[in-house]
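I'd like to go over a predicted model; first the sequence, then the structure.
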Protein chains: 6
Amino acid sequence: MPSPQKNAPRHDGRKPNQLRPIQYRTGIAPHAAGSVLAVCGRTQVICAASLEERVPRWKEAQGIPGGWVTAEYSMLPYSTHDRKVRDIMKGRLDGRSVEIQRLIGRSLRAVVDLEKLGPRTLCVDCDVLAADGGTRTTAISGTYVALKLAEKTLIDAGKINKSFLKAQVAAVSVGLVPGQDAPARPLLDLDYPEDAAAEVDMNVVMTSRNEFVEVQATGEEATFARGEMEALTDLAAKGIRQIFKLQRAVLTG
Amino acid sequence: MPSPQKNAPRHDGRKPNQLRPIQYRTGIAPHAAGSVLAVCGRTQVICAASLEERVPRWKEAQGIPGGWVTAEYSMLPYSTHDRKVRDIMKGRLDGRSVEIQRLIGRSLRAVVDLEKLGPRTLCVDCDVLAADGGTRTTAISGTYVALKLAEKTLIDAGKINKSFLKAQVAAVSVGLVPGQDAPARPLLDLDYPEDAAAEVDMNVVMTSRNEFVEVQATGEEATFARGEMEALTDLAAKGIRQIFKLQRAVLTG
Amino acid sequence: MPSPQKNAPRHDGRKPNQLRPIQYRTGIAPHAAGSVLAVCGRTQVICAASLEERVPRWKEAQGIPGGWVTAEYSMLPYSTHDRKVRDIMKGRLDGRSVEIQRLIGRSLRAVVDLEKLGPRTLCVDCDVLAADGGTRTTAISGTYVALKLAEKTLIDAGKINKSFLKAQVAAVSVGLVPGQDAPARPLLDLDYPEDAAAEVDMNVVMTSRNEFVEVQATGEEATFARGEMEALTDLAAKGIRQIFKLQRAVLTG
Amino acid sequence: MPSPQKNAPRHDGRKPNQLRPIQYRTGIAPHAAGSVLAVCGRTQVICAASLEERVPRWKEAQGIPGGWVTAEYSMLPYSTHDRKVRDIMKGRLDGRSVEIQRLIGRSLRAVVDLEKLGPRTLCVDCDVLAADGGTRTTAISGTYVALKLAEKTLIDAGKINKSFLKAQVAAVSVGLVPGQDAPARPLLDLDYPEDAAAEVDMNVVMTSRNEFVEVQATGEEATFARGEMEALTDLAAKGIRQIFKLQRAVLTG
Amino acid sequence: MPSPQKNAPRHDGRKPNQLRPIQYRTGIAPHAAGSVLAVCGRTQVICAASLEERVPRWKEAQGIPGGWVTAEYSMLPYSTHDRKVRDIMKGRLDGRSVEIQRLIGRSLRAVVDLEKLGPRTLCVDCDVLAADGGTRTTAISGTYVALKLAEKTLIDAGKINKSFLKAQVAAVSVGLVPGQDAPARPLLDLDYPEDAAAEVDMNVVMTSRNEFVEVQATGEEATFARGEMEALTDLAAKGIRQIFKLQRAVLTG
Amino acid sequence: MPSPQKNAPRHDGRKPNQLRPIQYRTGIAPHAAGSVLAVCGRTQVICAASLEERVPRWKEAQGIPGGWVTAEYSMLPYSTHDRKVRDIMKGRLDGRSVEIQRLIGRSLRAVVDLEKLGPRTLCVDCDVLAADGGTRTTAISGTYVALKLAEKTLIDAGKINKSFLKAQVAAVSVGLVPGQDAPARPLLDLDYPEDAAAEVDMNVVMTSRNEFVEVQATGEEATFARGEMEALTDLAAKGIRQIFKLQRAVLTG
């Protein structure tokens, strides 16, 4: 039997294995091929997919047929409580943004059939409108919806003649978070105060075929045991299954 | 008596002196001190105001009391039909954006009492979500609403103890636009196709005290006569008065 | 009858509607196709026009025949009393310079027949040697002279076979400037102390066909009424007509 | 009983669970506080640790006592068969390098007691001299040796008076690699040809206390099952234990 | 007896040991503390000296009393027959310019008594208005004149109370230049066609105390013998003595 | 008869005309076409040569047959006692590095037959591993060895069919260095303390045909007489002859 402590409500009233309220508001960027405002609690990310009728030079040079998917991630200056200086003002891309946009790109490429896409580039932009933890995972789950919407637009416009998406992809964060005078326990979908307090933070990306795309477990100034990683992985997998349902609901709704 | 041609409906059905439908959706960026999604027809601009408890170095060096207002303008990559490369990817700020953000800054400083603001900086961000002409004027009219909302937030939070806004400020574009087989005629609030066809383009910024802050009339590869400038100025002034009403409606609503 | 105050001499002895002494010293940059040192009082700007036998990529992509005119504006480090750090040392183009060079480019394109120019780019460089107010308007008036000289060089060299200049273009600044214990009054061709004191500053660009190319009226931290704008426009138009005479004198002299 | 296929020798003759030959040649950079050339098969990384008597500004601003550890990773132009252009020539830091240096920094901070380090910054540089797969894990294992050597130098010099290293840290890559006409099997310590062929690639960082610091499993254009991730984790843990022995051997030898 | 070939007139009619006509037109940049347009044949360089009441940070950190002299060199876009793109447009300082401005700085520091200068920085700017060979040596000789003029301005203004210049400094180029069907011979003060044809190019900087400050002999894709270097050094020394006279003439004139 | 002072041993026991111990450790960068760790006393420079099957665009545009040699020089962050910030972190190439890499490039081009090289670029990289004076001359002498090794690799690989190296090239520094209470005397191959104390510093580059490629004599805040320059040149020439022997020994050994 779990200790009462272990199931005590979180600072915002959620249960340990409960997601924040998630919404996908479609059409936020009307000029994109597909777009959605992905909302997860107080976190909000604009996800937009555009199509370019060319592939990157290095891809072309390789001579392998098929397209490419590229992602860019940026925090709008007013997404944080203290205004964040724009990258262009500092003259360099933020290191954390680079890391995140590479993760998003890899996640999407796992479910896009690049050959079916043809010699095109899907450009996925994720701009954080409000940051309260989980922006990278919210961006991944949201960009799937934007990609699916873009796919429909492109098929309707006759630019593409078959689906290039092999499965759904979604992501969630989990972590070991200590309570007040209490040992760390596994929590699903960390918000910013939980993320800041977490001893271990893990981002999990899965497909709707129940396979993993990416698992990143990090103990910033801390470490974790094998069993803890497995418990967190279980928790994440359950959360992601719920997100898949929400994605399907908005796309078929 | 004006010719029928002169009053013929525009390509989207509007009358020559008619604004596009304008909306201010407040709270778009919940972490900003004040924010609004300014919508003008198919043009959409996120306007957000943040407060920093310091002034720029050059201002400090001058030793003049009071604060400062700074503006940044950027087009999100998916705001145009062909995706726009981010400035940070090109490594330099777009020339047109520089020009526009300087205009927005000057416009706002005309209605902010910098002494009452105290030793603080109001940072105003304008990010274009969808571009269909008139993004700079939509940004100016929208940022006034964002500033007014920010003022309330800051007074409520006890950070500022009196209003620093001396008047409303708003802007509109007007232009001389030729029709199909018809001479150019003055039109209010140009959308993108009208702007692209215009022989003369004019941006007018006014305060609710019926004074001008900025008038920029430009004949790109064309010129204009004194009388034309005056007719355009009249048309703009009428349009701006309607925008003032819309600003007040949303702020008191 | 105007008050004596209104016609009182200015700090340098000029009448309110009097230009500073203007000179165009041709050939300042012997390797350029056309060049002039434009001197307006204590303001000095090197204006040079060069020809490149290609058009910008975006122009080529549009498929519209004809050439292009591009302008660059820069302040030499020793043009101001306190040495100005070069842009390359700061790693970014100065915002004010961007705004000015866009204005110069638009002004020149209004009088250049791009089709007659053919698939070439006229590059106009304006480097400020000494700044005492009115550098952008001095640059515009000077570059016309440089362009006319370049046109002659290119025709003489057989590179171009007919004039591509449709009219003269010139510019001047006007402003509402308060005196000591006196209300603001309209003044022509502001020098630096007048520009710094001005409540309203207006730059007017006209062609010798008596039409406007660009009107930019700005109330930095101030505003202006309709009548004031009209009085300033009149004053500017008169000043520009004198500049046209000076341009013609040096070109036919 | 495992199939013969599963235990067939690898392209370089290694067993599936066999590391490449690893060496730590100390003192490669004589001016650093501690340095080592970490060699893993044909991969070679210069790892050097320097001490700066200050902390980053953001750390200082936070007011938390203690120091910081920062890492930089770069590939020397001649580390790859086709010469790699230097970042400074392209004007931007390589995205992959950013991702890797953030990983190295987090890994080291997990074993450094920042309070014992005092108000200082340990700067760890990793420059790849030859790249043949596993450069990031070779860098992490090598920097531990460099840090331990630097610790001794600093204690000997009286700059620091006690050990700030809480445990050893090391890393290894594992992956699911298909053979010729054979299904993918788990392999330890991938070299470049194996890494390029891998369906799933996993980097594991552990401490000598048998705990994880970072686990990054990535299916570039592929996915993986829960059981596969666990098998790979086991394989990695065994490899890392051997690396800990090699680190101790060189440090006590 | 020298062969007739050896003393044959040069392509512009000069004798082998003859300088081009040199002029120093003072006051070219009226806002600088001292300025001169240095003209050497068809080469023209604006040389301007400004004073900043501070020293560079690294100098301050060293704790050595005294000031500093810094130099910047740039080619104006219209100084060459084919327009030269500005450094800021390419985003990086030209390599050749870096090399030259370091040479100019070292040359001037050899004759400035940094202690007498006091805690100030002399900023010397050299902007090439027209390039026809010898721009770096023309810049060095010209900046001496600008520095001497600046010294007078600063003493007159009471900012400095004694001369900080220990001697005159001047420079000239010499080279081994082959003729049409004739072997290379030593020539003084190469213009652009001679410089382009030279097998060996040598820049010599000397003080009026008959000592050398800098000697740079370069055989781009060629080499030279000991005796040739000595003959060139003699030729340069004679030329520089004439330049010292010209400098004195303009400063005392 | 020289004074005893003049032949007194140097701070490290060397005679005035004695080189530091020099070694060339070949194969330091196994993926380069040719590489060497050039060691000169406590100075260590990685020299690596790579081949690219193309020429720079400007070379191609000139239409002259043959290849090119380009050099890059960089100090690794841990090469100095106080860690040196990487250029990419400051966003600009170090001025001193630019000057040095241009010198290295010119030196190598003096002994490479560009026509025999064919339409290829030899990229030479010099990364300083430890700096104790003489890094640029150590780099030049070392890159010759790297180039010779690369030549063999390329001939063996059938990429090139004949030698493109016309002669050996090597470099050394000499200087006038004052002793404690003793006048300056000429010393060969300055280490860092000697270089810092030197009144005059001279870098000499020669070929094995006993000709000069480059002579750079610099009196930073000092000057030198004709006789001193000649004495230094003699001293350098003798040192370089010894380096040629060491180069040959390692290449034939």
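Ah, there it is.

just the helices in chain A please.
Applying DSSP state H to chain A gives helices spanning A:4-7, A:57-62, A:87-90, A:95-109, A:114-117, A:135-156, A:192-197, A:226-252.

between those, which gets nearest to chain F?
Go through those one by one with C-beta to the nearest C-beta and the one that ends up closest to chain F is helix A:87-90, at 9.8 Å. Backbone N, C-alpha and C define where each C-beta goes, glycine included.

on that earlier part again, right, and the helices of chain A - which one's nearest chain E?
Nearest to chain E among the helices of chain A is helix A:87-90 (13.2 Å), distances taken as C-beta to the nearest C-beta.

Okay, the residue in chain A positioned nearest to chain E and D:Asp94: tell me how far apart.
Minimum separation of chain A from chain E (C-beta to the nearest C-beta) falls at A:Gly91, amounting to 10.0 Å. Computed as C-beta to C-beta, to the nearest Å, the A:Gly91 to D:Asp94 distance reads 16 Å.

if we can go back for a sec, what about the residue of chain A closest to chain E, neighbour count?
Counted with other C-beta atoms under 10 Å in any protein chain shown, the neighbours of A:Gly91 add up to 16.

so how far is chain B from it?
Using C-beta to the nearest C-beta, to the nearest Å, one obtains 8 Å as the distance from A:Gly91 to chain B.

check contacts around the closest residue to chain B within the stretch 151-253 of chain A.
Closest approach between the stretch 151-253 of chain A and chain B, counting by C-beta to the nearest C-beta: A:Tyr192, at 10.8 Å. If you count contacts by C-beta atoms under 8 Å, 6 or more residues apart in numbering or on different chains, A:Tyr192 has them with A:131-133.

run the last query once more with 7 Å
The neighbours of A:Tyr192, taking C-beta atoms under 7 Å, 6 or more residues apart in numbering or on different chains as the test, are A:132-133.

For A:Glu72, see how far away the residue of chain A closest to chain E is.
Summarising the geometry, the distance separating A:Gly91 from A:Glu72, computed by C-beta to C-beta, is 17 Å.

tell me which parts of chain A are close to chain C?
Proximity of chain A to chain C is assessed by C-beta under 7 Å from any C-beta of the partner chain, with A:Gly91 identified as the residues in range.

quick one: contacts of the helix or strand of chain A at the bottom of the mean pLDDT ranking?
When the helices and strands of chain A are compared on mean pLDDT, DSSP states H and E, helix A:4-7 comes out lowest with a mean of 74. For helix A:4-7, contacts defined as C-beta under 7 Å, 6+ apart pick out A:16, A:182, A:185.

Quick check: PyMOL command selecting the buried ones in those.
Selecting just the buried residues from the contacts of helix A:4-7 in PyMOL takes one command, with 16 or more other C-beta atoms under 10 Å in any protein chain shown as the test:
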select buried, chain A and resi 16+185
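
Among the contacts of helix A:4-7, show me the least confident.
Looking at these by pLDDT, the weakest one is A:Ala182, with 85.

Which residue does the stretch 151-253 of chain A have closest to chain C?
A:Lys159 (20.7 Å).

Same check on chain A?
A:Gly91 (6.2 Å).

residues touching that residue, list them.
Taking C-beta under 7 Å, 6+ apart as the criterion, A:Gly91 is in contact with C:91, F:91.

same thing with the one 3 residues further on?
Contact criterion C-beta under 7 Å, 6+ apart gives A:Asp87 as the residues in contact with A:Asp94.

Show me what from chain A comes close to chain F.
Neighbours of chain F within chain A, by C-beta under 7 Å from any C-beta: A:Gly91.

Can you pull the residues of chain A lying near chain D?
Where proximity means C-beta under 7 Å from any C-beta, the interface of chain A facing chain D comprises A:92-93, A:95, A:98-99, A:102, A:106, A:109-110, A:207, A:209, A:211-225, A:229.

contacting residues for A:Cys126?
Contact partners of A:Cys126, counting by C-beta under 7 Å, 6+ apart, are A:45, A:47, A:71, A:73, A:104, A:139, A:143.

State the pLDDT value of the fourth one.
Which is A:Tyr73. Taken from the predicted model, the pLDDT recorded for A:Tyr73 is 97.

Give me the distance between it and chain F.
Separation of A:Tyr73 from chain F (C-beta to the nearest C-beta) stands at 21 Å.

Now do the same contact list for that residue.
Neighbouring residues of A:Tyr73 by C-beta under 7 Å, 6+ apart: A:97, A:100-101, A:104, A:126, A:139.

Most neighbours among the residues you listed, please name it.
With neighbours set by other C-beta under 10 Å, the maximum within the contacts of A:Tyr73 is found at A:Ala139, which has 29 neighbours.

Can you give me the pLDDT of the closest residue to it other than its chain neighbours?
Of all residues beyond its chain neighbours, the one nearest A:Ala139 is A:Cys126 (3.9 Å), with distances taken as C-beta to C-beta, 6 or more residues apart in numbering or on different chains. For A:Cys126, the pLDDT comes out at 98.

So what pairs up with A:Cys126 in the strands?
A:Cys47, A:Tyr73 (DSSP bridges).

show me the contacts for the closest residue to A:Glu220 other than its chain neighbours.
Leaving aside its sequence neighbours, A:Glu220 sits nearest to D:Arg106 (C-beta to C-beta, 6+ apart; 5.7 Å). If a contact means C-beta under 7 Å, 6+ apart, then D:Arg106 has A:218, A:220, D:214 as its contacts.

Specify the beta-bridge partners of the first one.
With DSSP bridges applied, A:Thr218 shows beta-bridge pairing to A:Asp201, D:Glu214.

could you point out where chain A is predicted with low confidence?
For chain A, residues meeting the criterion pLDDT under 70 lie at A:1-4.

Single out the residue in it that lies closest to chain F.
Among residues of chain A, the one nearest chain F by C-beta to the nearest C-beta turns out to be A:Gly91. It sits 6.1 Å away.

Now do the residue of chain A closest to chain E against C:Gly91, distance only.
The spacing between A:Gly91 and C:Gly91, counted by C-beta to C-beta, is 6 Å.

And A:Ser208, by the same measure?
Taken as C-beta to C-beta, the span from A:Ser208 to C:Gly91 is 47 Å.

again, but for A:Pro119
Noted for A:Pro119: a distance of 37 Å to C:Gly91, by C-beta to C-beta.

ok, now A:Leu76?
Following C-beta to C-beta, the distance that separates A:Leu76 from C:Gly91 is 24 Å.

Repeat that for A:Val128.
27 Å.

A:Gly41 now?
Using C-beta to C-beta, one gets 39 Å for the distance from A:Gly41 to C:Gly91.

Where strands are concerned, which of the contacts of helix A:4-7 count?
When DSSP state E defines the strands, the subset of the contacts of helix A:4-7 inside them is A:182, A:185.

can you tell me which residues contact the residue nearest to A:His81 when sequence neighbours are not counted?
Using C-beta to C-beta, 6+ apart and skipping residues adjacent in sequence, the residue nearest A:His81 is B:His31, 5.5 Å away. Applying C-beta under 7 Å, 6+ apart, we find B:His31 in contact with A:78-81, A:130.

Could you tell me how many residues sit around the closest residue to A:Val169 other than its chain neighbours?
Residue nearest to A:Val169 in three dimensions, not counting chain neighbours: A:Val111, with 4.5 Å by C-beta to C-beta, 6+ apart. Taking other C-beta under 10 Å as the criterion, the count of residues near A:Val111 is 23.

quick one: A:Val111 and A:Lys166 touch, right?
Yes: under the criterion of C-beta atoms under 7 Å, A:Val111 is in contact with A:Lys166, at a separation of 5.2 Å.

Please list all residues in contact with A:Ser74.
A:97, A:127.

at 10 Å what do you get?
For A:Ser74, the residues meeting the contact criterion (C-beta atoms under 10 Å, 6 or more residues apart in numbering or on different chains) are A:46, A:84, A:86-87, A:93-94, A:97, A:100-101, A:125-128, B:76-77, B:86, B:88.

Skipping its backbone neighbours, what lies nearest A:Leu51 in space?
The spatially closest residue to A:Leu51, leaving aside those adjacent along the chain, is A:Ala33, at 5.3 Å (C-beta to C-beta, 6+ apart).
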